[in-house]
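K.L.:
starting from these lines, generate the structure:
(chains A, B, C and D)
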Protein chains: 2
Amino acid sequence: MAESTAATDDPRPDLAAMIVPLGRTLMAAELPVLRAHGLSMWAYVVLLALGEEPVRGQSGLAQAIGADKTRIIGVLDDLQERGLIERRPDPRDRRAHLLTLTPEGRRVRESAQAGIRHREDRLLSQLPLEDRAAFLRVLRALSALPEEEIIGPERHGSSEAPDRT
Amino acid sequence: MAESTAATDDPRPDLAAMIVPLGRTLMAAELPVLRAHGLSMWAYVVLLALGEEPVRGQSGLAQAIGADKTRIIGVLDDLQERGLIERRPDPRDRRAHLLTLTPEGRRVRESAQAGIRHREDRLLSQLPLEDRAAFLRVLRALSALPEEEIIGPERHGSSEAPDRT
DNA sequence: TATTGTTATACTCTATAACTATA
DNA sequence: TATAGTTATAGAGTATAACAATA
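P.N.:
Have a look, this model is predicted:
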């Protein structure tokens, strides 16, 4: 019982075992670019999320980028102080905040993103053309999937040896 | 000045912005399987790293899996207590430890990996066949690259606005 | 009372420094 | 003295709980 699952071809490494370290390395590669723009990783993610139209509510924004709502408060404070975003109470419900990118914020975001894109393109350019296209296609597809689709159903709850953490 | 960088086709999301969350989700998908085997993420990584032949030295092992040497001590303690690995001083230099997988350890590793592989295959099976192959090919290629290759040269040291973190 | 944002607190993960034993 | 492993400590990063303002 070694080559169990039939159709699947070869003993490849686990997906996560390849993807997680790769993601870490890509983040490390981005860091110098971000620092050159005075941005933290979270600040950059916030700038990306504040696309073209304003966002209503910090909680929503936090959730959209996979952060805790308390996590991004300092980030927003800083971005606001530096004039990259505007944060004002929504006149229709003064509890919520309306978040918008300032022109300067847009400029910084685009500049940072261009730098990052440039590095990534250099990396991708080492790949065969068709592989590159397929890779990006799959990546977009998997990124677009809702989490539950990937995490999937709890097949058997907790029937097997739940010993340690 | 919108479609600046010429040859590059479309405005794709940043690689890291797709890969990092995907990695997180894949890890979350693995967790139930690992817990069913009483394994933490690090414990599983250790079992994977202790492939067929013994490993000499915990520091080397730690470095190989991208962890601090102090990070894995508790993990090894636990695995040893449960009889999944053996840890004994190297007779030729009693400071270093010889780490080997026990038969039970191998069994657990293979069972866990099979579970993980199964979930991943289910995910990959949703992709077009050629895309899937290309995706895995690229993933393996990028994973195999040395970090420096991806992080690359510090293009311009620190010439631009190094304001905040 | 419920909700948004904020602050204060605690918890988890990880790395650094100090120690023991071998060499 | 130098190195492998261990322990104790401190530092990020993150989440939880309590609070103030608005609805």
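
K.L.:
use CA for all of it now, contacts and neighbours both
P.N.:
OK.

K.L.:
can you list the buried residues in the top strand by length along chain A?
P.N.:
Ranked by residue count and defined by DSSP state E, the top strand of chain A is strand A:93-101. By neighbour count with 16 or more other C-alpha atoms under 10 Å in any protein chain shown, strand A:93-101 contains the buried residues A:96-101.

K.L.:
now for the residues you listed: which two are most distant?
P.N.:
Spanning the widest gap among those are A:96 and A:101, at 16.6 Å by C-alpha to C-alpha.

K.L.:
what stretches of chain A score poorly on pLDDT?
P.N.:
For chain A, applying pLDDT under 70 flags the ranges A:1-10, A:154-165.

K.L.:
show me which residues of it sit near DNA strand D.
P.N.:
A:67-68, A:70-71, A:91-95 (C-alpha under 7 Å from any atom of the strand).

K.L.:
ok, residue A:40 - how many residues close by?
P.N.:
15 (other C-alpha atoms under 10 Å in any protein chain shown).

K.L.:
for it, give its distance to DNA strand C.
P.N.:
Distance of residue A:40 to DNA strand C, computed by C-alpha to the nearest atom of the strand, to the nearest Å: 18 Å.

K.L.:
my read: that residue touches residue A:34, true?
P.N.:
Yes - between residue A:40 and residue A:34 there is a contact under C-alpha atoms under 8 Å: 6.4 Å.

K.L.:
shared neighbours, these two?
P.N.:
Common contacts of residue A:40 and residue A:34, defined by C-alpha atoms under 8 Å, 6 or more residues apart in numbering or on different chains, are absent altogether.

K.L.:
before we move on, the earlier item: okay, the angle between the following helix or strand past the longest strand of chain A and strand A:93-101?
P.N.:
For strand A:93-101, the following helix or strand on the C-terminal side (DSSP states H and E) is helix A:103-124. Relative orientation of helix A:103-124 versus strand A:93-101 (axes from the mean of the first three to the mean of the last three C-alpha atoms, to 10 degrees): 50 degrees.

K.L.:
close to chain B, is helix A:103-124?
P.N.:
Yes - judged by C-alpha under 8 Å from any C-alpha of the partner chain, helix A:103-124 and chain B are in contact via A:113, A:116-117, A:120-121, A:123.

K.L.:
which parts of chain A are helices?
P.N.:
A:15-36, A:41-49, A:58-64, A:73-81, A:103-124, A:129-144, A:147-151 (DSSP state H).

K.L.:
what's the burial count for residue A:21?
P.N.:
Neighbours of residue A:21 using other C-alpha under 10 Å come to 18.

K.L.:
against residue A:15, how distant is it?
P.N.:
10 Å (C-alpha to C-alpha, to the nearest Å).

K.L.:
thinking again about what came up before, just the buried residues of strand A:93-101 now: which is nearest residue A:136?
P.N.:
residue A:101 (28.1 Å).

K.L.:
ok, the closest one - contacts?
P.N.:
Counted by C-alpha under 8 Å, 6+ apart, residue A:101 has contacts A:47, A:50-52, A:54, A:84-86.

K.L.:
closest to residue B:107 among those?
P.N.:
Using C-alpha to C-alpha, the contacts of residue A:101 come closest to residue B:107 at residue A:47, 47.3 Å.

K.L.:
nearest residue to the closest one other than its sequence neighbours?
P.N.:
Distances taken as C-alpha to C-alpha, 6 or more residues apart in numbering or on different chains put residue A:109 closest to residue A:47, at 6.1 Å, once the chain neighbours are dropped.

K.L.:
one more: residue A:84?
P.N.:
Residue A:84's closest residue in space is residue A:105 (C-alpha to C-alpha, 6+ apart), at 3.8 Å.

K.L.:
one more: residue A:132?
P.N.:
residue A:124 (6.6 Å).

K.L.:
and the one you found, how far from residue A:140?
P.N.:
On the measure of C-alpha to C-alpha, residue A:124 and residue A:140 end up 15 Å apart.

K.L.:
give me the more crowded residue out of those two.
P.N.:
When residue A:124 and residue A:140 are compared for neighbours, residue A:124 comes out ahead with 19 against 16, by other C-alpha under 10 Å.

K.L.:
what's the separation between that one and DNA strand C?
P.N.:
27 Å.

K.L.:
verify the stated contact: that residue with residue A:134.
P.N.:
No - between residue A:124 and residue A:134 there is no contact under C-alpha under 8 Å: 11.7 Å.

K.L.:
still on that earlier bit, now the two most distant members of the residues of helix A:103-124 next to chain B.
P.N.:
A:113 and A:123 (15.3 Å).

K.L.:
more neighbours, these two?
P.N.:
residue A:113 (19 against 15).

K.L.:
what residues are up against the closest residue to that one other than its chain neighbours?
P.N.:
Distances taken as C-alpha to C-alpha, 6+ apart place residue B:14 nearest to residue A:113, at 7.9 Å, with adjacent residues excluded. For residue B:14, the contact set (C-alpha under 8 Å, 6+ apart) comprises A:113, A:116-117.
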